[in-house]
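**Q** Structure here, sequence nowhere to be found:
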């Protein structure tokens, strides 16, 4: 605090046009204490803001608003339908598409940039462990195959593997508990 006061004193004397002395002032008035306390509060708030910025970049959702957490929970409520669609041969492809959409919406909630799900996945690489990211990417590629190729068939094992990849990603994003 005395160092902060000394900086204040140098600035005050130089702005007043007076000569800056190296002597420390021993008697301080109340307004000077308030100014020093104010400067300390500004410095404290700056560091608190700076630390908060780094914490928001972490992989967890701690400190997020309740609205954000509620939206994640709403997304999670769609998952049982994906699991149900996976059981039938006729809706297996639909389950993969739905899981991809849920993951895409979660990435949007996290504020991940990109124009498509693939671009958002590439931007969100740091949100997932390497193994989980690779499994999600593989599942997304399968979804693209199903969506864009005429007559594409998906085996039960391929579908289960893809859904497992999406599930792991959604666990890491805290959409599924």
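**A** Here it is on my side, so go on. Just so we're clear, the structure is a prediction, and the values are computed from it rather than from any experiment. Numbering: from 1, shown residues only.

**Q** tell me the pLDDT at residue 22?
**A** The pLDDT attached to residue 22 in the predicted structure is 48.

**Q** which stretches of this protein have low pLDDT?
**A** Residues of the chain that meet the criterion pLDDT under 70 lie in 1-5, 7, 10-11, 13-34, 53-64.

**Q** How are the helices of it distributed by residue range?
**A** 2-15, 30-56, 66-76, 79-86, 92-109, 117-123, 130-148, 156-172 (DSSP state H).

**Q** Just say which of those is most tucked in.
**A** helix 92-109 (a mean of 21; mean count of other Cβ atoms under 10 Å). The C-beta positions use only the backbone N, C-alpha and C, and glycine is treated the same way.

**Q** which residues sit against it?
**A** 68, 71-72, 75, 78-79, 81-83, 85-86, 114, 117, 120-121, 124, 127, 136, 139-140, 142-143, 146-147, 152, 154, 156, 159, 162-163, 166-167, 169-170, 173, 175 (Cβ atoms under 8 Å, 6 or more residues apart in numbering).

**Q** could you redo the last one with a cut-off of 6 Å?
**A** For helix 92-109, the surrounding residues in contact (Cβ atoms under 6 Å, 6 or more residues apart in numbering) are 71, 75, 78, 82, 85-86, 117, 120, 124, 143, 146, 154, 159, 162-163, 166, 169, 173, 175.

**Q** gap between the two ends of stretch 102-118?
**A** Across stretch 102-118, the terminal residues are separated by 13 Å (Cα to Cα, to the nearest Å).

**Q** Please state the offset of that stretch from the chain centre?
**A** Taking Cα atoms, centre = their mean, to the nearest Å, one finds the center of stretch 102-118 at 11 Å from the center of the full chain.

**Q** for stretch 149-156, same thing?
**A** In this view, stretch 149-156 has its centroid 34 Å away from the chain centroid, taken as Cα atoms, centre = their mean.

**Q** do the same with stretch 129-141
**A** How far stretch 129-141 lies from its chain's middle: 18 Å, per Cα atoms, centre = their mean.

**Q** shift numbering so it begins at 670
**A** All right, first residue 670 from here; so that's stretch 798-810.

**Q** can you list contacts of that stretch?
**A** Judged by Cβ under 6 Å, 6+ apart, the contacts made with stretch 798-810 from elsewhere in the structure are 794, 831, 834, 835, 837, 838, 841.

**Q** quick one: contacts for the first one?
**A** Taking Cβ under 6 Å, 6+ apart as the criterion, residue 794 is in contact with residue 802.

**Q** From residue 843, how far off is it?
**A** Using Cβ to Cβ, to the nearest Å, one obtains 18 Å as the distance from residue 794 to residue 843.

**Q** thinking in terms of the whole chain, how far from its middle is stretch 747-765?
**A** The gap between the average C-alpha position of stretch 747-765 and the chain average comes to 28 Å, counting by Cα atoms, centre = their mean.
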